[in-house]
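Enquirer: pasting the structure only:
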């Protein structure tokens, strides 16, 4: 029901993100989605990749500090108002969105949202009750095959 | 004509000064041996008894003291009078765990204030002057020392304490302050603000007495030029009394140590052997007139050079250069003593690794301290607010330990250089000790 997001600590300085992506490139890791949160002197890059297990190992070997977080990935209908409906449902049920980002899948011809919430179970139920089912890691990968 | 607060003492002959020192040393040693068990124990360890001490030539037989002894004996262990005789305490700025607290009887406060009075007179102060004290008042000795010294000279004293620049400038102009007492960096800041606001014509300052932190000759000239004053250096430490242990005269060529109260020695910090005049060594003080908290051979860890030559001002008391460095790793930032070990303690208490680096810089005469810490998996999270919140907690823990604001920079693992031996913990880019 969830997908594995990898969050990585990066210093806020020129080339830091490039350096990070080079490491993924070297190991032929495919990025599915990426979002960057910046603070004064550091940032956190959050990525969804095709192979989270190898990615974590590679990053640790390279000396990066990173963590794995299960997050919700949901398909959004590509039409105006689709997001409103989903977010309203979450809000009405007291689910707070800590952060979120979107990515597109050409094959599925639709948009996907990553949702980071405190309680995946509870939020998942609200989503399902509203006709949206979060996808799991394999389903996500299937969209790219 | 040069003016002195206490001409008889300040221009006494070397023989007279030596005689005072010897007599007072003998008495002090006898007194601490009999009233302070800690001193007795330290002396017994070296097999020294008061009857071995006949004068300053025997000083070297006595054990030395360090800040560790003071911390160890906190708060009352080194008291040489009953607490009921004491009227005041002061304390050094933050230290790891236990602070250093110094006690004063009325006699001790008086002698300390006289030392400050001598400094004010040496800077040209008379009863007609208006002295603006912008050193902090409170546990810190800066405010209280100058305040009392200024009273002793009979100056109108403005007890401003530190901060609130607008109010400082208002009083400086409205009440016609003539002598400014503060840290050199604050003086530089005031000078800059006065220039920016075009107030130079409205101030009447003629002199400034600036201490509690290291400053360079260039900084002195800058302050003198921009404020149109003569800037005097002053030296002191809470353990020995406070500001005024040594002060500069109009010759601006070293600070006269008040030798009737404090015996100065210069030693090699590694061996403890005496260092000849003209060479660098660690300054060691023995207070020979204090009642409550006399210190015997207290190692200041300040490195300086002593100059016994007679000064053109007529004062005979020996002169010390500005501190040229430290024999330990203490930093003085914004006038506050900072030990890397304090920062390490805070990091560990907050769950960060002890792998850190301290970078001290000075921009426009204002000190800045940055602590770089390596991120660890334990301290990391996918939530920015969580990581930033921990960083903020660290900043406030550092502030409460050190008393000053530190920037914190979280850096990637393995980015702080590790060398074979000891890591280079401190990078001081201020170059304060160049001669």
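Expert: Great, that's in hand. Quick caveat, the model's predicted, so the values are computed rather than measured.

Enquirer: how far does stretch A:24-44 stretch from start to finish?
Expert: With C-alpha to C-alpha, to the nearest Å as the measure, stretch A:24-44 spans 16 Å from end to end.

Enquirer: got the contact list for the residue in chain A positioned nearest to chain B?
Expert: Proximity of chain A to chain B (C-beta to the nearest C-beta) peaks at residue A:7, 3.5 Å away. Glycine gets a C-beta too; all of them are placed from N, C-alpha and C. Residue A:7 makes contact with A:44-46, A:66-69, B:380-382, according to C-beta atoms under 8 Å, 6 or more residues apart in numbering or on different chains.

Enquirer: top of the residues you listed by neighbour count?
Expert: residue A:44 (25 neighbours; other C-beta atoms under 10 Å in any protein chain shown).

Enquirer: That residue: helix or strand, and which one exactly?
Expert: Here residue A:44 sits within strand A:42-49, counting by DSSP states H and E.

Enquirer: How about residues contacting that strand?
Expert: With contacts defined as C-beta under 8 Å, 6+ apart, strand A:42-49 is touched by A:3-12, A:16-17, A:20, A:24, A:29-37, A:55, A:69, A:73, A:99, A:101, A:103, A:114, A:140, B:375, B:382, B:384, B:387, B:410-411.

Enquirer: Would you tell me what the next helix or strand after it is?
Expert: helix A:52-61.

Enquirer: and the angle for that next one with strand A:42-49?
Expert: Interaxial angle, helix A:52-61 versus strand A:42-49 (axes from the mean of the first three to the mean of the last three C-alpha atoms, to 10 degrees): 150 degrees.

Enquirer: Helix A:52-61 - contacts with which helices or strands?
Expert: If you count contacts as 3 or more C-beta pairs under 8 Å, 6 or more residues apart in numbering or on different chains; DSSP states H and E, helix A:52-61 packs onto strand A:3-11, helix A:16-26, strand A:66-76.

Enquirer: Can you lay out these as a markdown table showing distance to residue B:239?
Expert: A markdown table is the format used below for those (distance: least, C-beta to C-beta, whole Å):
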| stretch | distance to residue B:239 |
| --- | --- |
| strand A:3-11 | 41 |
| helix A:16-26 | 47 |
| strand A:66-76 | 48 |
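
Enquirer: Now render these as JSON lines, adding mean pLDDT.
Expert: Below are the helices and strands packed on helix A:52-61 laid out as JSON lines (pLDDT from 0 to 100):
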{"stretch": "strand A:3-11", "mean pLDDT": "96"}
{"stretch": "helix A:16-26", "mean pLDDT": "96"}
{"stretch": "strand A:66-76", "mean pLDDT": "95"}
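
Enquirer: Among these, which comes closest to residue B:213?
Expert: For residue B:213, the closest of the helices and strands packed on helix A:52-61 is strand A:3-11, at 31.4 Å, according to C-beta to C-beta.

Enquirer: Adjacent strands (with direction) for that closest one?
Expert: Neighbouring strands of strand A:3-11 in its sheet, by DSSP bridges, are strand A:42-49 (antiparallel), strand A:66-76 (antiparallel).

Enquirer: got a list of what the residue nearest to residue B:124 when sequence neighbours are not counted touches?
Expert: Residue nearest to residue B:124 in three dimensions, not counting chain neighbours: residue B:207, with 5.2 Å by C-beta to C-beta, 6 or more residues apart in numbering or on different chains. Taking C-beta under 8 Å, 6+ apart, we find residue B:207 in contact with B:123-125, B:178-180, B:229-232.

Enquirer: gap between residue B:207 and residue B:325?
Expert: 28 Å (C-beta to C-beta, to the nearest Å).

Enquirer: Mind pulling up the pLDDT for residue A:77?
Expert: Here the pLDDT value assigned to residue A:77 is 84.

Enquirer: what's across from the nearest residue to it once chain neighbours are set aside in the sheet?
Expert: In space, residue A:77 comes closest to residue A:110 once its chain neighbours are excluded; the distance is 6.7 Å by C-beta to C-beta, 6+ apart. Assessed by DSSP bridges, residue A:110 has beta-bridge partners residue A:105.
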